[in-house]
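Engineer: Here you go, sequence then predicted model.
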Amino acid sequence: MAKQDYTPHQQAIISQYYDQLDTIMLTKLQELVSELYLAESDAKKKRLWDRVQKAMIRLNAPVPIVEHIMARKDVEVLAKNVQEWFAHSTRKK
């Protein structure tokens with residue numbers, strides 16, 4: 001595969017994306033919490049929980065917490081953790 005050469009503008013956009021990845025993943029998790037509350041079928045819930053797990057991994061959430069949330073698959077527990085992570089991330093900035 002050929003090496004990609006990016007313009008300085010493209011490099012800035014890529015850099016900004018990775019700088020904001022935590023915020024992007026937290027926002028995605030907030031949206032997934034809402035979708036889980038509204039999901040009616042078990043198949044839809046399973047797909048959403050799979051997306052939740054991937055988002056938590058990309059967020060670099062602690063493994064024991066990810067395992068606990070995925071074992072319980074309780075939207076309340078997920079929502080509480082997302083709220084805490086979001087509060088913690090806004091305090092860092």
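Structural biologist: On my side now, so go ahead. Remember, it's a predicted structure, so these values are computed and weren't measured experimentally.

Engineer: which stretches of the protein form helices?
Structural biologist: Under the criterion DSSP state H, the chain carries helices at the ranges 8-19, 21-38, 42-58, 63-72, 75-92.

Engineer: Show the contacting residues for residue 68.
Structural biologist: Applying CB atoms under 8 Å, 6 or more residues apart in numbering to residue 68 gives the contacts residue 77. Glycine gets a C-beta too; all of them are placed from N, C-alpha and C.

Engineer: please redo it, this time with the cut-off set to 10 Å
Structural biologist: When contacts are counted by CB atoms under 10 Å, 6 or more residues apart in numbering, residue 68 touches 62, 74, 77, 81.

Engineer: Same check on residue 30?
Structural biologist: Contacts for residue 30 (CB under 10 Å, 6+ apart) come out as 78-79, 82-83, 85-86.

Engineer: hmm, which of these are the buried ones?
Structural biologist: Listed as buried from those are 78-79, 82, 85-86; burial here means 16 or more other CB atoms under 10 Å.

Engineer: Mind putting those residues into TSV with distance to residue 21?
Structural biologist: Listed next are the buried ones among the contacts of residue 30 as TSV, based on distance: CB to CB, whole Å:
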residue	distance to residue 21
78	19
79	21
82	15
85	13
86	14
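
Engineer: can you redo the residues you listed as CSV with distance to residue 48 and pLDDT?
Structural biologist: Listed next are the buried ones among the contacts of residue 30 as CSV, based on distance: CB to CB, whole Å; pLDDT from 0 to 100:
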residue, distance to residue 48, pLDDT
78, 10, 96
79, 13, 96
82, 13, 93
85, 18, 90
86, 19, 87
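
Engineer: Please identify which pair of those residues lies farthest apart.
Structural biologist: Within those, 78 and 86 form the most distant pair, 12.3 Å apart (CB to CB).

Engineer: Overlap of the contact sets of the two?
Structural biologist: Joint contacts of residue 78 and residue 86 (CB under 10 Å, 6+ apart) are 29-30.

Engineer: other SSEs contacting the worst-scoring helix or strand of the chain on mean pLDDT?
Structural biologist: Using mean pLDDT, DSSP states H and E, the weakest-scoring helix or strand in the chain turns out to be helix 75-92, at a mean of 88. Judged by 3 or more CB pairs under 10 Å, 6 or more residues apart in numbering; DSSP states H and E, helix 75-92 is in contact with helix 21-38, helix 42-58, helix 63-72.
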